[in-house]
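# Quick check, what structure comes out for this input:
(chains A and B)
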There are 2 protein chains.
Amino acid sequence: MIRPILLLLMAPLLGWSQPTAEGTPASSNVPNAQYPRIHDDLRATFRLTAPGAQKVQVSVGGGKHDMTRAADGLWYVTTPPLVPGFHYYSFNIDGANVSDPSSHTYYGTGRDASGIEVPERGVDYYLPKDVPHGEVRLRWYLSKVTGAWRRSFVYTPPDYDTNTRTRYPVLYLQHGSGEDETGWIFQGRANFILDNLIAAGKAKPMIIVMDNGYAATPGKPNAFEDLMITDVIPMIDRTYRTMANREQRAMAGLSMGGNQTCQVTLRHLDKFAWIGAFSGTGNGLSTAPIDPKTFIGGVFTDGAAFNAKVRLLWLGMGTVEPNPFPGAIGAFRKMLDDAGVKYVYFESQGTAHEWQTWRRDLNDFAPRLFR
Amino acid sequence: MIRPILLLLMAPLLGWSQPTAEGTPASSNVPNAQYPRIHDDLRATFRLTAPGAQKVQVSVGGGKHDMTRAADGLWYVTTPPLVPGFHYYSFNIDGANVSDPSSHTYYGTGRDASGIEVPERGVDYYLPKDVPHGEVRLRWYLSKVTGAWRRSFVYTPPDYDTNTRTRYPVLYLQHGSGEDETGWIFQGRANFILDNLIAAGKAKPMIIVMDNGYAATPGKPNAFEDLMITDVIPMIDRTYRTMANREQRAMAGLSMGGNQTCQVTLRHLDKFAWIGAFSGTGNGLSTAPIDPKTFIGGVFTDGAAFNAKVRLLWLGMGTVEPNPFPGAIGAFRKMLDDAGVKYVYFESQGTAHEWQTWRRDLNDFAPRLFR
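Numbers count the residues shown, from 1 in each chain, chains lettered A, B, ... in the order given. Have a look, this model is predicted:
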C-alpha cells in the first residue's frame, strides 16, 4: 500500500492534473481549511467543490480567473501574484456571485464577502505582536437621530482599565462605501496597528471610535453628520474617559468615510483639530476644479486662518488607485495648494483602492496625532 | 411609461409567476437586502441570482427545498413555517454548498454560514430594548498552553465602567461544535439576554466570558481544559474586577460546550460552584449507562457530598432534539437520579438542537446564578 504522503510526492512524476498542495493556507481561512493557499511568490490557489457546475470563476484583486475542474472533481485556479494585503473576493458559480465556504467573511461590497489576507514580506505593523493589547468594545446606543439602536466599535488602549484616572484623546475612524463599523478592525486591523505604535512609543495612547457611516431618517437619507454631532460624540464623551475638546479629537476615514470626515470636521472645526482623508476627500468622486470660496462653507478661503486653526490635515492615496480617485484627490489638492493650505500628502506604493493602502495610511497618520 | 411601483401592484393581475413580495425582510439580512423574507405564518421565501445554474436548493431548519427559476430569471422558494429563532442555512448551487449573499454570516458548521432570524411572537427577552446595555469586549491574550494569540469575547454588565469599585461574579459560557467565541453574542444574543434580565432585576450583574473551545498543542489535540485553568481564568481575574472564588464563578456551555463544561467544572470543583449543561453533558454523545464510581473521577459517587458542594447543576434540552441527544442526556440524568444528585432540568418546547433552545436555556439559567 502506498501511503498518501508518497502519493503526494509522486504526483508531479505521474503528471496528474490535480494541483500539488504547495503554498500555505491563508491566515484568513476558516479553521482547518486548506484553501485558498498562498505561494511564496504571492500567487494564490483557490479551490471550490461544485460537482455539477458548468462554469466557475474567482474574482480577486481586480482580476477574474476561470477555474478548471481537476481529476478530483474539484475546481481550482492559481492566480498571478497578488498585491500584499487584504482583498475581498468572490466565486461566480454558473452566474451566482457567492462567498468561499473556506474563508472568513468581512462586511464589504454590501455583503459578508470572502476575504484573503496576502502577507507583505518583512512587514508586521498590523499583526498581533507580543505587546500590550487594547480592547475592542461593542457599544450599543439608542440614536436620537435615527430612533434606532446602533452599535459602535470602540478601541480602548492598553491599560485603559488600570489607569483609571487617565483621560485619552479620541480618533473617530470611518469605513468606506458598502462597509460598516466592523471594517477597521477585521479588515483594517486598526487595533493591532495602534497596539504596536503605542508599544513602540510612536503614537500616543488614544481611543478609536468606529461607527456605521450609514444613518438615515425619514426626511434625510444621509444623516451621518447629525448622528456624529448629536449622538456619537456626546455618547463617547459621556461613556469613556475622553479629553473632550477639539485639540484632543481627530477624525479620519477612507473613501466615502474620507468624504464624511471632511464634511463633518470642516463644518465643525470647533470640535476637531486633526483631520485625515484616506483615498477620499470633501469633493467625493468629482474631479472638477474646486472654488474655495464656496466649497464647504468657504472654510478654505483664508488658507492662513485655516492653517492656524487646524493642527493636521492629512491626505493619502495608493499610487495605483483607479479613476476617479487620482483626479478627485488631485482637484482637492490643487484647491488646497492655491489657497495656501498646509497638509501632509502620503502615497502608498503599489496599492490601489484597498485596505493595504488604508492600513499604511493609519500607520502614518496616527503617530502625528495629539502632539 | 408605467412606473415600477405600478408594475409591482399589477403583477398579481397579470398572473406573473414571480412571487409577490409579501412578508418582511429578515432582521438577519444585510442592509437593503429584500430577501429572505419572513411571512406572518413564519414561512420564509428565499431568493438567489444564479442565471446559469441547473439546480438550486436551500437547506434550512432541517429541511431541503428545491428552488425554482421564476420569470425574472431568479430562483425562489417559500418554505413551510420555520421554528422561531436563529437557523443556519445554505444554498446548494449545482452541488456547491454556499452562503446567501443577502444574509449576514455567523461562524457555525465550521464556516461563516448564512443565518436567518425567525421572530418568536410575543417574545423579546433576546432583543435590544431600551434598557442599560453592557459592552462586549474583544480581548486578545497570548496563551501559555498553545503558544498562540487568542481572543476572548467578554460581556461586561451595564455600569461596569462607572461602578469602579464593584467586583462581579463570572460566567464562562461556551459555544458548540463548529462554532467559536463569537457564537453566544451574534447567534445567541447573550448580551441582550443579560441586559434585559439585569434591567428587570432578575439576574445579578455578572461578567460573561466566551472563549474558543478549540485549543490544541502538538501533544494534545484537545487542550481546552488546560487552557481554561492555565490561561483564561487567571487572565480574566487579572484583567477584570471579578470576585475570584468558586462561589462567584459559573460555567455553562451548549452541546460540545456542555461536555467541556462538565469536564472542566467537575474536575475543578475548587474553582466552580455553578454548572450549566445545555443540550450536552459529561458523557458527550454516548447513550450508554454511566457508572458514577468511575465517571469523571467518581465525582458523583457520593450524591449528598456533591449536593453540599455544588450550588447549581442545571441541565437543559429542546423537546424535539434528534438522536443521540435525548439518549445521552437521559443516560446522564439517570445516573444523577440513581446517585441522588440534585439538578434543575429545563425543557425548551418545540425546539431542536439549535440556538433558540440555548437562548431559552440562558434566560432560565442566568437568573439562578450567584444567589
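
# What is the end-to-end distance of stretch A:71-78?
End-to-end distance of stretch A:71-78 (C-alpha to C-alpha, to the nearest Å): 16 Å.

# Please point out which parts of it sit buried.
A:74-78 (16 or more other C-beta atoms under 10 Å in any protein chain shown). C-beta: built from backbone N, CA, C; applies to glycine.

# Just the ones in strands from those residues, please.
A:75-78 (DSSP state E).

# and the stretch 201-350 of chain A, which of its residues are near chain B?
A:214, A:239-240 (C-beta under 8 Å from any C-beta of the partner chain).

# just to revisit the earlier point, can the ones in strands among the buried residues of stretch A:71-78 go into TSV with extra columns for distance to chain B and pLDDT?
Shown next, in TSV, are these (distance: C-beta to the nearest C-beta, whole Å; pLDDT from 0 to 100):
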residue	distance to chain B	pLDDT
A:75	9	98
A:76	14	98
A:77	15	98
A:78	19	97
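
# Now do the same contact list for the residue of the stretch 151-300 of chain A found nearest chain B.
As assessed by C-beta to the nearest C-beta, chain B sits closest to residue A:164 within the stretch 151-300 of chain A, at 5.9 Å. Residues near residue A:164 by C-beta atoms under 8 Å, 6 or more residues apart in numbering or on different chains: A:241, B:164.

# Next, it: secondary structure please.
Three-state assignment for residue A:164 (DSSP: H, G, I helix; E, B strand; the rest coil): coil.

# what does residue A:358 give?
Quick answer, by three-state DSSP: residue A:358 is helix.

# and it, what does it touch?
Neighbours of residue A:358 in contact, by C-beta under 8 Å, 6+ apart: A:188, A:254, A:278-279, A:316.

# go on, residue A:240?
A:154, A:156, A:168, A:170, A:207, B:161.

# at 10 Å what do you get?
By C-beta atoms under 10 Å, 6 or more residues apart in numbering or on different chains, the contact list for residue A:240 reads A:137, A:139, A:154, A:156, A:160, A:167-168, A:170, A:207, A:209, B:161.

# of these, closest to residue B:285?
Nearest to residue B:285 among the contacts of residue A:240: residue A:137, at 37.1 Å, using C-beta to C-beta.

# Now which of the contacts of residue A:240 would you call buried?
Buried members of the contacts of residue A:240, scored by 16+ other C-beta under 10 Å, are A:137, A:139, A:154, A:156, A:160, A:168, A:170, A:207, A:209, B:161.

# want to try TSV for those, with distance to residue A:352, secondary structure and pLDDT as columns?
Output for these, formatted as TSV (distance: C-beta to C-beta, whole Å; DSSP: H, G, I helix; E, B strand; the rest coil; pLDDT from 0 to 100):
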residue	distance to residue A:352	secondary structure	pLDDT
A:137	32	strand	98
A:139	32	strand	98
A:154	29	strand	98
A:156	32	strand	98
A:160	35	coil	97
A:168	34	strand	98
A:170	30	strand	99
A:207	30	strand	98
A:209	27	strand	99
B:161	40	coil	93
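
# Out of those, flag the one nearest to residue B:125.
Nearest to residue B:125, judged by C-beta to C-beta, of the buried ones among the contacts of residue A:240 is residue A:139 at 21.1 Å.
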